[in-house]
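> Turn this into a structure:
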Amino acid sequence: MLGNGDEQPYRIREDQGILFLVLTNGSMIDTWAMKGILREMRQHDPIAASPVMVEQQELVRMTPEAKLLLVRVCRSIARPVAFIAYDLPDRIQGDFFARFHKPSFPFRVFDSPDRALTWFASFPVGVQVR
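Down below sits the predicted model:
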């Protein structure tokens, strides 16, 4: 279900070894959308080695089931995920996800993409935990 017409609830692109995920304005990320995100990420990066930078536009909602699916499916993946929080509500949402769901993959909340890129540089390239 989308809150903004026919637009996809997300966009994914790859640039210089980093996957960029944008959750689009007014989207509802449910388990169906999360499966699509995970499937498309696997197409871009079959070995799950690229770091992921997540940005969300205004009024994005994610169901609890979608969050649980994300954590469950990605439990053996060591790729770092940076959530970019441009405002306090986004930071609270990102921090809550990290504390409540305790993802096994490296996850941090940043206030700028530059800080996330610096964090990504601290990880070895192409490492995956199985």
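> contacting residues for the most centrally placed residue in the chain?
In the chain, the residue lying closest to the centroid (Cα atoms, centre = their mean) is residue 54, at 4.4 Å. Listed by Cβ atoms under 8 Å, 6 or more residues apart in numbering, the contact set of residue 54 reads 21, 22, 23, 81, 82, 83, 84. C-betas here are computed from N, CA, C, even on glycine.
> Adding neighbour count, write these out as JSON lines.
Below are those laid out as JSON lines (neighbours: other Cβ atoms under 10 Å):
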{"residue": "21", "neighbour count": "18"}
{"residue": "22", "neighbour count": "19"}
{"residue": "23", "neighbour count": "20"}
{"residue": "81", "neighbour count": "21"}
{"residue": "82", "neighbour count": "25"}
{"residue": "83", "neighbour count": "22"}
{"residue": "84", "neighbour count": "20"}
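> In strands, which of those residues fall?
Among the contacts of residue 54, the residues falling in strands (DSSP state E) are 21, 22, 23, 81, 82, 83, 84.
> isn't residue 20 right up against residue 13?
Yes - counting by Cβ atoms under 8 Å, residue 13 is a contact partner of residue 20 at 5.1 Å.
> Just want to know which of those two has more residues nearby.
Higher neighbour count among residue 20 and residue 13: residue 20, with 17 against 10, using other Cβ atoms under 10 Å.
> partner residues bridging the more buried one?
Beta bridges link residue 20 to residue 13, residue 53, judged by DSSP bridges.
> What score does residue 41 have for pLDDT?
Residue 41 is assigned a predicted lDDT (pLDDT) of 93.
> what's the burial count for it?
Residue 41: 20 neighbours (other Cβ under 10 Å).
> just checking, residue 98 is part of a helix?
Yes - with DSSP: H, G, I helix; E, B strand; the rest coil as the criterion, residue 98 is part of a helix.
> how near is residue 58 to residue 71?
Separation of residue 58 from residue 71 (Cβ to Cβ, to the nearest Å): 25 Å.
> Which residue ranges of the chain form strands?
Under DSSP E, the chain gives strands at 10-15, 18-23, 28-29, 52-56, 61-62, 81-84, 107-110.
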